[in-house]
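Engineer: Mind folding the following:
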Amino acid sequence: MSQQQIRILYIDDEVHNLNAFKASFRRLYAIQTAESAEEAYKLLEENDFHIIISDQRMPKMTGIEFFESILEKHAEPIRVLLTGYADINAVIDAINKGQVYKYFSKPWNEDELKHNIDKAYEVYALRKENRELTEKLLDVNEKLEFLLRQKLIS
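Structural biologist: Numbering: from 1, shown residues only. So this is what the prediction gives:
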């Protein structure tokens with residue numbers, strides 16, 4: 001998949017961060033941004049994203065709380081947390097509660113972030129392929145069980 005097809009949602013209450021992210025990566029990825037969790041929920045209902053990047057410290061809801069709130073309905077996208085604050089408890093919560101793939105400090109290093117977005121997409125693609133292969137395997141298994149039962153009955 002080309003980078004242009006990698007769909008990213010970036011959530012941050014600071015508009016200049018959203019603009020900086022778009023300016024840095026708009027030629028590489030399909031990017032949508034949201035200034036709040038509420039806005040992000042709407043975008044998640046209308047679009048499929050491969051990667052969701054969220055700021056940790058936002059009004060009303062932290063990035064970890066947002067990730068935790070979408071896990072059941074939107075488990076597939078890879079989650080990345082950005083923050084301007086080095087808070088080890090936030091890192092631990094991000095991993096344990098929000099199932100975050102990576103944690104970055106602001107200001108981000110463009111090359112490092114790009115590299116990790118590409119790696120996150122690889123994880124997304126491998127997980128999707130794994131799910132599809134598992135479904136096929138279960139389907140084949142059901143068919144084999146059915147044929148075996150037919151043989152035993154006859």
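Engineer: Tell me which helix or strand in this protein has the weakest average pLDDT.
Structural biologist: Counting by mean pLDDT, DSSP states H and E, the chain has its least confident helix or strand at helix 88-96, which shows a mean of 66.
Engineer: Partner strands of the next helix or strand after that one, with direction?
Structural biologist: Beyond helix 88-96 on the C-terminal side, the first helix or strand identified by DSSP states H and E is strand 102-105. With DSSP bridges as the test, strand 102-105 is paired with strand 78-83 (parallel).
Engineer: Report the rounded mean pLDDT for the partner strand.
Structural biologist: Per-residue pLDDT over strand 78-83 has a mean of 91.
Engineer: So what touches that strand?
Structural biologist: Strand 78-83 is touched from outside by 12, 50-57, 63-64, 67, 90, 94, 98-106, 108, 116-117, 120-121, 123-124, with contacts defined as Cβ atoms under 8 Å, 6 or more residues apart in numbering. Backbone N, C-alpha and C define where each C-beta goes, glycine included.
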